[in-house]
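>>> Pasting the sequence and the predicted model now:
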Amino acid sequence: MSWEPVIGIEVHVELRTDSKMFCGCAVSFGEEPNVNICPVCLGLPGSLPVPNRRAIEWITEIGLALNCRISPVSVFHRKNYFYADLPKNYQISQYDVPVAHDGWLEITVDGATRRIGIERAHMEEDTGKSIHLGGGGRIHSAEATLLDFNRAGVPLVEVVSRPDLRSAAEARAYAQELRAIVAELGVSDARLEEGSIRFDANVSVRRSGSEDFGTKVEIKNMNSFRSLERAIDFEIARQVDVLEAGGVLVQETRHWDEEAGVTRGMRTKEGSSDYRYFTEPDLVPMVIDERWQDEIRARMPELPAARRARYRGLGVDPQTAGALVGAPEAFRRLFDEAVEAGADARAVANWITGELVAWARREAVDPSTVAVTGAGLAELVAMVAAGELSASAAKDVLDGMARGEGSARQVAESRDLLQITDRGAIESAVDEVLAEQVEAVQRYRSGETKVVGFLVGQVMRATGGKADPRAVNELIRAKLDEA
Amino acid sequence: MSLADLTITEAARGLRERRFSSRELVDAVLERAAQTEAELHAYLTLDHEGARRAADQADEELASGTDRGPLHGIPIALKDNLCTSGVETTCASQILAGYHPPYDATAVRRLREAGAVPVGKTNLDEFAMGSSTENSAYGPTRNPWDPDRVPGGSSGGSAAAVAAGSALGALGSDTGGSIRQPASLCGLVGVKPTYGLVSRYGLVAFASSLDQIGPLARTVEDAIAILEAIAGHDPADATSWAGEVPDFRAELGRGVEGLRIGTVTELSGDGYEPAVSEAVASMVAELEARGARVEEVSLPTFDVALSAYYLIAPAEASANLARFDGVRYGLRVPGATTEEMMARTRAEGFGPEVIRRILLGTYALSAGYYDAFYGQAHRVRTLIARDFARAYERVDVLVSPTSPTVAFPIGERTEDPLAMYLSDICTIPSNLAGHPAISIPIGLDDAGLPIGFQVMAPALAEPLLFRVAAEVERIAGFDARPTGVAP
């Protein structure tokens, strides 16, 4: 009998607002410790929180992007627990009325598209950072702990999925799609390695076909998509091993050890946490009315899923559409402009995701500074379609365009890359070659038709490579066959 | 008579007539403190130097024609749970011994901007938890009317200072009666404004949804002058009232003719000292004689207001006081681990009443108990607001004793928390509803101890509240001075 994994993901997204969630301190990364602090984010006696309007707009954007319902009135709660880097020893968070709830996100794994439920997205504040000195940096053996409150009070959005994910690969796809959305909205740096987006996974297994939930284990400390996937795979296997050996799983939090490739139970005794949530009396309920929601919705960018669907609608194949969704914004804009200018969407998408992305990477150029325009790209595609440029010549032309040497035609002319499209000119070159290559013509006529390649090569040489080889090929065959 | 015995209004006039300077006024107040403090212990910190400097500045400004209004140059006392930049702020707790805030509370800043001269920080029940100022980690404050008795609390230090003349007015904070009850016990006017009218920024929180800063003064007019200086929207307090501040003087002098005044059935009877009940009844009769229409109103949920309060306030306090952990400021008692350090710091730093309320509040919020306690208390709170609303359909204001008793002897209730909690039975409902209320002295009992009269009004109806209070003050003609302390 086989086992089915049941996975839910909790995501913490640090918003990159100018100021913190409840005070005017700057939000920044990598500064000297304790420079962006004030009475409010230090939890000094008498200080009071004032919510950041921008953060509320941004969590609303996230909620809308995740197809959530937005609570017209939502409430802050205090989540009570003692920890040295939590200045007030409670975190201002949300409990029963989050800003956003009941949404979904579509993921595609191995060609299968599934809709993953989003339970909620709520607003909270980040904690400070503890730096443990001595004892290998672990709290239990540390000689001293230093505290940095620069991060304390940074706006944090927690997105909780429903336990709808069924494999580590799905979990990874979900995490990547969510990161792409947040990055697209521009509300977070969304950098895993800096912790500005953090993923925790709740993993359990159950007998295939069962509707019950197994014992849930929370895993933390995955700082790449790869480690998220590895950690979940490891944890699924571990749980199955325990259960098949007749063992019992405990509900616990386990840390992913990247080097060892295993999850480890934390030594701290957890018990069941009672956070004693209650309504934050220092804040009034947040009202996000229809009008404000509409304003927020109106300025949201096109999201990855919608964009992918639009590209597919223009005839771009799935793989190229996916690549284009992930391409730099400047290149996506270039695509839209080129299509707007009348270019074939499929060809433009191929040129951008193939040649242009590679060119920018090879030349280490910021995509937004590449000199290619939509109209220029449209012209290039049209010239290729008309046989004026060979594929290899077109790459050269694109290189010139990207370097600012002019329009497609200008570059093609200045670099002398135009193909000869004048039929008369090609015909006379063909005639000359056929007259010279008597032996080859004889072989063709005796049935050795593959010799045509040789003849085409001769014509190409004679024209300095500027004839369209297809046209030459056709012409040679026509002449030899009719004679 | 010493300058220290003037009302704020009288002193303001004297300053402008150049009969004396702010410096002389402040010196008189500091001299009075020097005479009385050993016995009363109204202050935890007296800022002689800062007060004299501010007084000199006020004198210079007044001499050069800059007039900041009625508080300019007036010595004011501040309850020690209001943050004062660079001046020790302890909340009468060991856990904040030596703590010097880096900023002024908004109310303190506004007082300074109005030219007031802060003279010092007054004693209180630790973190404002108490009704007698006996729960101070630094020793109790005594009542200037009888030093063997309590001044009330938790703003007992502020009340004693103003009553004794070691300040002309004071700020207190009122979570369940902590301004009005000590005002009543010390023969002063004390105001709890509408919730949100005065910014709480910089007030060390006890119970955030109930706390409100307000004045203690010798007259209604003095109290208005202080409230005018501190009221108004503050962007740093999300619960502060963003609308227009009512004109507190708009209805003064109109008397009570035609006003409908309600007496509260639930705030009378057993447990009320006869002298208190008689004085209140007699004042009600006087108001009626001046044209008020008096009727008795029942607000049944008042009977459970105290119980609801003692769940809501401790619950909020349990979170508000969690920040005192020895990590960033205040007392730190070392321990082998961070958790042990925190636990020891809190065990040693908090007094017994604070610990009692933190435990009570933690329990009330705990899983499995939340709904029966904290949740239920909130439903009661809603019902109390509904009872008030119903009463205000029939009457314009409600009146009652401020405290069931006059000042009680020191030590009498310290072993009996419930008896102590009953001191606030008349004042708590206004906090739960967020409404304004005022205590006005209306007489003395046979032992010469002051009796207070409470007027309650709907939210933002301060103009009406002050109109009635001024009339009560005029009728009472209360001008007795404390007799218990030299000079």
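Cool, the structure landed.
>>> Show me which parts of the lowest-mean-pLDDT helix or strand in chain B are buried, residue by residue.
Confidence across the helices and strands of chain B bottoms out at helix B:417-421, with a mean of 88, counting by mean pLDDT, DSSP states H and E. For helix B:417-421, the neighbour count (16 or more other C-beta atoms under 10 Å in any protein chain shown) marks B:417, B:420, B:421 as buried. Every residue, glycine included, has its C-beta placed from N, CA and C.
>>> middle-most residue in the chain, spatially?
Let's take chain A. Against the mean C-alpha coordinate of chain A, by C-alpha atoms, centre = their mean, the closest residue is residue A:180 at 3.5 Å.
>>> Chain B was what I was after
residue B:179 (1.8 Å).
>>> Name the residues of the stretch 1-150 of chain B found near chain A, please.
Within the stretch 1-150 of chain B, the positions adjacent to chain A are B:81, B:82, B:83, B:89, B:91, B:96, B:99, B:101, B:102, B:103, B:105 by C-beta under 8 Å from any C-beta of the partner chain.
>>> My reading is that the fifth one lies in a strand. Confirm?
Read that as residue B:91. No: inclusion of residue B:91 in a strand is not indicated when DSSP: H, G, I helix; E, B strand; the rest coil is applied; the result is coil.
>>> before we move on, the earlier item: list the contacts for the residue nearest to the centre of chain A?
Contacts for residue A:180 (C-beta atoms under 8 Å, 6 or more residues apart in numbering or on different chains) come out as A:304, A:325, A:326.
>>> Equivalent analysis for residue B:426, please.
With contact taken as C-beta under 8 Å, 6+ apart, residue B:426 is in contact with B:177, B:267, B:400, B:401, B:402, B:403, B:404, B:454.
>>> go on, residue B:359?
Going by C-beta under 8 Å, 6+ apart, residue B:359 touches residue B:318.
>>> Residue B:305 versus that one, what's the distance?
22 Å (C-beta to C-beta, to the nearest Å).
>>> Contacts only, for the residue nearest to residue B:140 when sequence neighbours are not counted.
Leaving aside its sequence neighbours, residue B:140 sits nearest to residue B:134 (C-beta to C-beta, 6 or more residues apart in numbering or on different chains; 4.5 Å). When contacts are counted by C-beta under 8 Å, 6+ apart, residue B:134 is found next to B:125, B:140, B:150, B:153, B:410, B:411, B:414.
>>> Export these as TSV, with columns for neighbour count.
What follows is the contacts of residue B:134, written out as TSV (neighbours: other C-beta atoms under 10 Å in any protein chain shown):
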residue	neighbour count
B:125	32
B:140	24
B:150	31
B:153	33
B:410	20
B:411	12
B:414	17
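>>> So which residues of the stretch 1-150 of chain B form helices?
With DSSP state H, counting those that start in this stretch, the ranges of helices along the stretch 1-150 of chain B come out as B:8-16, B:22-40, B:48-63, B:106-113.
>>> Out of the ones you listed, which gets nearest to residue A:59?
Nearest to residue A:59, of all those, is helix B:106-113, at 28.6 Å by C-beta to C-beta.
>>> Around residue B:86, how many other residues sit close by?
Burial of residue B:86 is recorded as 12 neighbouring residues (other C-beta atoms under 10 Å in any protein chain shown).
>>> same check, this time on residue A:377
One way to gauge burial is a neighbour count; for residue A:377, by other C-beta under 10 Å, it gives 25.
>>> May I have the strands that pair with the helix or strand where residue A:122 lies, each with its orientation?
Using DSSP states H and E, the element containing residue A:122 is strand A:112-125. Next to strand A:112-125 in the sheet, as set by DSSP bridges, lie strand A:100-109 (antiparallel), strand A:155-161 (antiparallel).
>>> Out of these, the one nearest residue B:463 is which?
Nearest of the strands paired with strand A:112-125 to residue B:463, taken as C-beta to C-beta: strand A:155-161 at 40.8 Å.
>>> next helix or strand past that closest one?
Heading C-terminal from strand A:155-161, the first helix or strand you meet, by DSSP H and E, is helix A:168-185.
>>> Next, the angle strand A:112-125 makes with that following helix.
For helix A:168-185 and strand A:112-125, the angle between their directions (axes from the mean of the first three to the mean of the last three C-alpha atoms, to 10 degrees) works out to 60 degrees.
>>> Pick the one among the residues of the stretch 1-150 of chain B next to chain A closest to chain A.
residue B:83 (4.4 Å; C-beta to the nearest C-beta).
>>> Can you give me the pLDDT of the closest one?
Confidence at residue B:83, expressed as pLDDT, is 98.
>>> host element of residue 470?
If you meant another chain, say so; for now it's chain A. Taking DSSP H and E as the definition, residue A:470 sits inside helix A:469-482.
>>> Oops, wrong one, chain B.
Counting by DSSP H and E, the element that carries residue B:470 is helix B:462-476.
>>> gap between that helix and the chain center?
Centroid displacement of helix B:462-476 relative to its chain, using C-alpha atoms, centre = their mean, to the nearest Å, is 18 Å.
>>> Tell me the helices and strands packed up against it.
Of the remaining helices and strands, those touching helix B:462-476 by 3 or more C-beta pairs under 8 Å, 6 or more residues apart in numbering or on different chains; DSSP states H and E are strand B:189-192, helix B:220-230, helix B:274-289, strand B:397-401, strand B:437-444, strand B:450-456.
>>> Now do the buried residues in that helix.
B:462-473, B:475-476.
>>> Turn those residues into JSON lines, including pLDDT and distance to residue A:89.
Supplementary listing: the buried residues of helix B:462-476 in JSON lines, determined by pLDDT from 0 to 100; distance: C-beta to C-beta, whole Å:
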{"residue": "B:462", "pLDDT": "98", "distance to residue A:89": "36"}
{"residue": "B:463", "pLDDT": "98", "distance to residue A:89": "41"}
{"residue": "B:464", "pLDDT": "98", "distance to residue A:89": "42"}
{"residue": "B:465", "pLDDT": "98", "distance to residue A:89": "38"}
{"residue": "B:466", "pLDDT": "98", "distance to residue A:89": "40"}
{"residue": "B:467", "pLDDT": "98", "distance to residue A:89": "45"}
{"residue": "B:468", "pLDDT": "98", "distance to residue A:89": "43"}
{"residue": "B:469", "pLDDT": "98", "distance to residue A:89": "41"}
{"residue": "B:470", "pLDDT": "98", "distance to residue A:89": "45"}
{"residue": "B:471", "pLDDT": "98", "distance to residue A:89": "48"}
{"residue": "B:472", "pLDDT": "98", "distance to residue A:89": "45"}
{"residue": "B:473", "pLDDT": "98", "distance to residue A:89": "45"}
{"residue": "B:475", "pLDDT": "98", "distance to residue A:89": "50"}
{"residue": "B:476", "pLDDT": "98", "distance to residue A:89": "47"}
